[in-house]
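J.: structure, please.
(chains A, B, C and D)
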Amino acid sequence: MSAGSVPSGYEVKDPGYPTSQENYLTNSKGILSWAFTLDHKRIGMMYLIGVSTAFLLGGLLALGIRLHLFAPDGILFNNGLFQWLAPDKAPNDIYNQVFTLHGAIMVFLFIIPSIPAALGNFLVPVMLGAKDVAFPRLNLSSFYLWVGGAVFFVMALLASGLDTGWTFYTPYSTTTDSSVILATTGAFILGFSSIFTGLNFIVTINTMRPPGMTWFRMPLFLWATYSTSIIQVLATPVLGITLLLLIAERTMHIGIFDPEYNGDPVTFQHFFWFYSHPAVYIMILPAFGIISELISVHSHKRIFGYRFIAYSSIAIALLSFIVWGHHMFTSGMSPITTIIFSALTFTVSVPSAIKVFNWVATMFKGSISLTTPMVYAIAFIFLFTIGGLTGLHLGTLATDMHLHDTYFVVAHFHYVMVGGTVVSFLGGVFHWWPKMVGKMYSEAGGLISAALVFIGFNLTFLPQFILGSRGMPRRYATYDPEFAPLHQMSTYGALILGVGLFVALFVLIMSLINGKKAPANPWGGATLEWNCTSPPPFYNFERAPVVGDPYEFGDIRWDTELDRYVKVEPEREVVPSETPAETPAHAGE
Amino acid sequence: MSAHENAQEGYDFAHPLPLPLLAGTFLVLTLLTVITVAQASFNFGSLDVLIVMVIATIKAVLVGAIFMHLAWDKPFNILCFIGSFVFVGLFIMATLFDSRQTAKDDIPVLDDAVVAAPAEM
Amino acid sequence: MMSLLGDYTSSKLSVFPKSASSFSGESDWVFHFISIVCVVFFVPIAVALFGFAWKYRKAKGEPADSQTDHNTTLELVWSIGPSFLLVVMFYFGARGYLDMRSIPEGAYNVGVDAYKWGWGMNYGNGVIHPELHVVAGEPTKLTMTSKDVIHSLYIPAFRVKKDIVPGRFNYIWFKAMEPSEKVMSDEELKQLAAKDKEENLSWNYDERQCTPDGYTFYDLYCAEYCGTNHSEMQTVVVVHETQEELDAWIKQYSSRGPDESPAAYGAKLYERRGCKSCHSIDGTRMVGPSYQGSFGTMREIVGGDPVKVDENYIRESILNPKAKVAIQQGVAYQPVMPSYKGQLSDDDIYSLIEFIKSLGDASAAEEASESAADEAAETAAAEDADAEPVSVE
Amino acid sequence: MATTDAGLVSDAHEQPGHGHSDHGHGDHDHPSYLAHHFDTPEQQFDSGKLGMWLFLVTEVLFFSGMFCAYAIFRAWRPEVFEGCSQFLNTKLGAINTGVLLFSSFTMAWGVRCAQKEQHKLLTVMLATTLSCATIFLGVKAIEYSHKWHLGLLPAGLFSYDPSNPHPVGGPNYLAYICAPFAIITAGVAVWLVVSFLRGAKFQFECAKPLLVVCLCFFVGVGLGTILESGGEEGHHEGDHAAVAAVEGEHGGAAEHGEEHSHEKEGEHAEEPAADAVVDLPAAGAMVNESADLAVIERLASDATNTGLQDELAARRAQSQQSAGGILYDVTDDTSATIASAPEDVLRPSRAGVFFSIYYCMTGIHAIHILAGIGVLVWLLVRSIRQDFNRNYFGPVDYVGLYWHIVDMIWIYLFPLMYLIR
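T.: Okay, here's the model as predicted:
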């Protein structure tokens, strides 16, 4: 849209204008209009449904793991039911397949696409003020690649399962008779899905910004998405080739990773972690973006240290490529390499810390509404800080020798991935749900879900830190009786966490049925997506949006009569159309 | 938007390269191929790999700068492309560095040790 | 300060297992140092987080008290400040790590062979035993190999861990500081052993909290996922007070005793060398075929005519397990058994054959009564042939 | 990949089904090639170009894995790489390099034509580029089929036997590779005739260059056979009659007759190279082998290292036993066969890894060529339809970029694989 079409002096008095037009959900009907849609919002919604399904499946598998580990010798998979379901499988084998599929599904099918592909797809063009992403068809193909990858995973599950761990370490993965090829093919396809999403976002943000949307007027969610996309584009191809070589290793024995043909398993680990460490940041960086939005909108206060947060996202993206060796400290990597990787690992903790400080500082002297998204955001900061700080124990070599591959690691990454990414994903969904579907949900229900998730999560994973430091190795189907009390505590926590997640799902579904209609701007946000109606029209904006400061809350007021947030007398002028989109502004204001 | 007006005028963003430049580049590339094949029949010892890689890199730069139009492209595109090689370098260097460190005495060739042993004795 | 923390960590309340090696003090100290730093950072963050959330709660629409958007000095301080602590952590971590990687000259060497799913500790002279026995106060070096997949040797009490990568030799060393105690008299042990034998049970380490020789022990785990029985790939470490005591223990296991029958010794090897983790002696199907009543039967194999389970076949199956694929009731076993080439002496193999014979000998029965020649003793053969296409004509 | 490429670049040109009424600004300045969500052709071009560059970045990273494997294994066993490289025909590699460089040149020229709206010339350039691509594949087919015939395969399938380098019989790999191309060629020829008879001008215009392109594959095959045999003509014993006979089944085109005679000579040309390997690296390899054993012996010589001493002794004893054939069927055991191969470098575990990397790198490169052919054919059809103009030449430019990167990868592959001394 050209800024020239905006009449100069145009003022948005009330962004909650009623829509005269159909929105993106209603503008065309029928299942085919969804299946072949090129609209980023619909693709985002389809992704949201897809990843939620994957999350449900992965979550059920996780509950299976926790229930099995309730007793030292396992109680679930040696139960008669499972013996009847899979008579030729030992309980340990079932356990191994369950934890493998839990990991693989959660990583490849849920966390990696969750925020970038579901929320990102919906939000990036709207926040940017664009009509769509740069390559709508690539976007749709990315979704169908995701579906294709998921089909392969399900086929692997139904064929003969997968028992390699999500890491596919050779030579286990080259010798096991489970469906490694199906699963790696699935992961390969999902890799391309992820690459296409990332590529699309980079191009969109680079070339589709409307006049006035300078780099430093972009909401921080876009910075985070941009950083994530850099990683997706740079790291994922290496996973692709690694998995291809693994398939070749299994079928033709190419002898690169398999020691039986004089290949080297440590080389596989280098290849794998060159992708999979940055992938950790694919999972967490978008979460940072969401939290930056949530904290500032619900504190109704300008984000503190915009530039530090923006730059730290980019810094994390780049640093994430030089720390992969910390997954291999005990693997037989040479001592000098190990020490170098340890030193590099510490550098990546600095930008993460910066963000935490900035978020807390944003809340200082704010006007905080303890809404569901805000409570999730606060839970995120609490949990992520624990996750981040325990990373220090693992990055330090002397202690990592003891803690590597124990439950300490399990607890650490769940604090980051679940306490971080999943919690922020939930927070983000609650935050943008009114925008996506145009309905408000029950605030009380949302708060209950947040409380249950917080309590359940901590009860599940705090004991696992102690289990780990006491020496309980991970991926054990059975364990020494001395660990039983902590495991039981963890299982109770998992049940509470599960209930919390179901409450969240229930609240959202109920809102579709009997939620009240959402205003355009239910939280008083200043980014562009709150400028269009809820749900947005097909081309996102009925009138070309006036790009302003994404964190300027000064002109947004609560109107008790209208019972919604309104924009009062915008004091800024319309950005002159001569400003080329590519030129960065001099300041964020 | 102002670009609309420009769009009517013609080559506002197309940048056709002169034919002699393209042909010249092709000739230089062919010449370099001949050189790299020819040098293979001489033995420069450990410099061999270096020489062929330098020649290959010159060729790659020519293809990139002229055929791929990078010399006149947007800085960001150049950054992307060059940047990718930085990450490739990072990946290969670190992995190679580690495998060089450990290769020396920790990696027996399994079939030598086990089965070929009697042949040695 | 180190010793003070050391005392603390050895208490019952500790988050660590017993500290029993020369590394554990240092490792625990670093752990606690990092933990304290973390708490120092975490508590103010958490207090501020919840405090602000409570204190600055406001009614809808009320503007914030401040719209400060940055404070460069403050931000630089909290960006750069913590970095110094990181350097300290790195330094201590790397120092401890280098200790673990510099193997002292003349350390006592034990070979470790990890396989699915068990351990063979090689004490030289053909003594291979699943338990790791070392001497207190003396550096011990483990030379580790694996023939199948990656394993990882982890002794929590010693705070050491190292992956065992097939195709490589990996090393680890430690100095055990706390000797094991002998907590059971020989008579008690004999009684228990007899009871186990009666009930056909193997020694339960967890329940009895001591080894079959009566010593307390430290756990040794496999920490790298390696398949079905990964969680059962555990053994124990016993720390002897003197070299003499260790030597005496080794001697005890050095070979078959003069008056020990091959079958009885075979039974010991069956327990000790990991056979029992895959082969049952009561006919149940495990990862590999059961030994019960298998001797002398005809066995179906993949890609070949059925073979008779005789001395030669068993020997081949031990030395080259992938040569003949066993099939039981139409289902082939997985070719997962590692080769025991070089791991068992001729007498060991002989003893194992005798042991398998003792579990039911179909050929003997056949002679006794003609009718026994049926498929009753069907239980399949050794490990199966490789599915991989072999490159040779 | 072909489809995704097409998806990427074709985003730009097609209009979505939805009506224009959905968005506010006028349609008059939206030409048919400009997608609804872009404002100007330039914005569309820049987006597409950046997207393509990012795609190339992923390609570079994708190949980096294989270059990394190459570097690691070459650093570990340089003598294996040196020895095995002798099996690769430098002449074929060099001619393929030339062919690819020329195709890059015509591609770049094609971009220029699109920008200058020289529609006819653009079609010629694209057809030339495509022809070069198929010539490349034809030469590659010769290379691959030879190696497969000799058993120079990845580690697990490696079956080269220096004492019998030309096993008689076995499938005719060249025929298998050529068969799909022959079918396609026949199909295009039929299409050409039918469209001519039916007077479908556009289809005829498309089929004409495509038939040339298809035939060029067989030109490549012929070129490959000539070069493969180069200089060594004249002496063959004729014990490959069986091979030739099998080849005879798939005859027909004129190229094939030529092919047969060269085929036989080509195999003989391989022989001196094989002998050279046997002589040259064997000495070095022996040193290396004993060095490997020496590692274990050195470790074992440490008096405290009883475990290893024991293992070494036991290994010796056991392998003596097995070598003696007492109980042990050697032919069933891979490692035993490895030991029986007299040439160290040519063991599956060593040479096999070289050929694994060779096939992975050149194979994936060839798949990229195939994908490139796919998108180039699409471009060819569109150029005949005269879709491109000075404001809309993006697809040509993007495919050009892709084609150049494929060339660039080959520029590195060639010296790394073929020119190891």
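J.: surely B:Val63 touches B:Leu32?
T.: No - with contact defined as C-beta atoms under 8 Å, B:Val63 does not count as touching B:Leu32 (10.7 Å). Glycine gets a C-beta too; all of them are placed from N, C-alpha and C.
J.: what about A:Pro481, neighbour count?
T.: A:Pro481 is flanked by 11 other residues according to other C-beta atoms under 10 Å in any protein chain shown.
J.: how far away is the nearest residue to it once chain neighbours are set aside from B:Phe76?
T.: Closest residue in space to A:Pro481, ignoring its immediate chain neighbours: A:Pro72 at 4.7 Å, by C-beta to C-beta, 6 or more residues apart in numbering or on different chains. For A:Pro72, the distance to B:Phe76 equals 58 Å [C-beta to C-beta, to the nearest Å].
J.: assign a three-state SS to A:Leu318, would you?
T.: Assigned with DSSP: H, G, I helix; E, B strand; the rest coil, A:Leu318 falls in the helix class.
J.: number of nearby residues for it?
T.: Residues near A:Leu318, counting by other C-beta under 10 Å: 19.
J.: what about it, distance to A:Ser227?
T.: Between A:Leu318 and A:Ser227 the computed distance is 9 Å (C-beta to C-beta).
J.: likewise for C:Glu105?
T.: Using C-beta to C-beta, C:Glu105 is found at 50 Å from A:Ser227.
J.: tell me where the model's unsure across the chain.
T.: This is for chain A. Flagging of chain A using pLDDT under 70 yields the residue ranges A:1-21, A:569-589.
J.: try again with chain D
T.: Using pLDDT under 70, the flagged stretches of chain D are D:1-29, D:162, D:230-349.
J.: taking the stretch 151-300 of chain A, what residue is nearest to chain D?
T.: Across the stretch 151-300 of chain A, the shortest distance to chain D (C-beta to the nearest C-beta) belongs to A:His253, at 2.2 Å.
J.: that residue and D:Val353 touch, don't they?
T.: No - A:His253 lies out of contact with D:Val353 (C-beta under 8 Å); the separation is 10.1 Å.
J.: which residues do those two both contact?
T.: Shared contacts of A:His253 and D:Val353, defined by C-beta atoms under 8 Å, 6 or more residues apart in numbering or on different chains, comprise A:Tyr261, D:Ala155.
J.: next, count neighbours for the residue of chain B at minimum distance from chain A.
T.: Taking C-beta to the nearest C-beta, chain A has its nearest neighbour within chain B at B:Gln101, 3.3 Å off. B:Gln101: 15 surrounding residues under other C-beta under 10 Å.
J.: correct me, but it touches A:Ile339?
T.: No - between B:Gln101 and A:Ile339 there is no contact under C-beta under 8 Å: 11.3 Å.
J.: which bits of the stretch 1-150 of chain A sit near chain D?
T.: With C-beta under 8 Å from any C-beta of the partner chain as the criterion, the stretch 1-150 of chain A meets chain D at residues A:1-2, A:5, A:27-28, A:38, A:130-132, A:134-138, A:141.
J.: tell me which two in the residues you listed are the farthest apart.
T.: Largest separation among the residues of the stretch 1-150 of chain A next to chain D by C-beta to C-beta: A:Ser5 and A:Ser141, giving 31.6 Å.
J.: compare the two (neighbour count), which wins?
T.: A:Ser141 (20 against 13).
J.: pretty sure the more buried one sits against A:Leu199.
T.: No - judged on C-beta under 8 Å, A:Ser141 makes no contact with A:Leu199 at a distance of 11.5 Å.
J.: residue 45: helix or strand, and which one exactly?
T.: You didn't say which chain, so I picked chain A. If you go by DSSP states H and E, A:Met45 is part of helix A:40-68.
J.: chain C is the one I meant
T.: Under the criterion DSSP H and E, the helix or strand holding C:Ile45 is helix C:24-55.
J.: next SSE downstream of the strand or helix carrying A:Leu467?
T.: A:Leu467 belongs to helix A:443-469 when assigned by DSSP H and E. As assigned by DSSP H and E, the chain's next helix or strand after helix A:443-469 is helix A:484-514.
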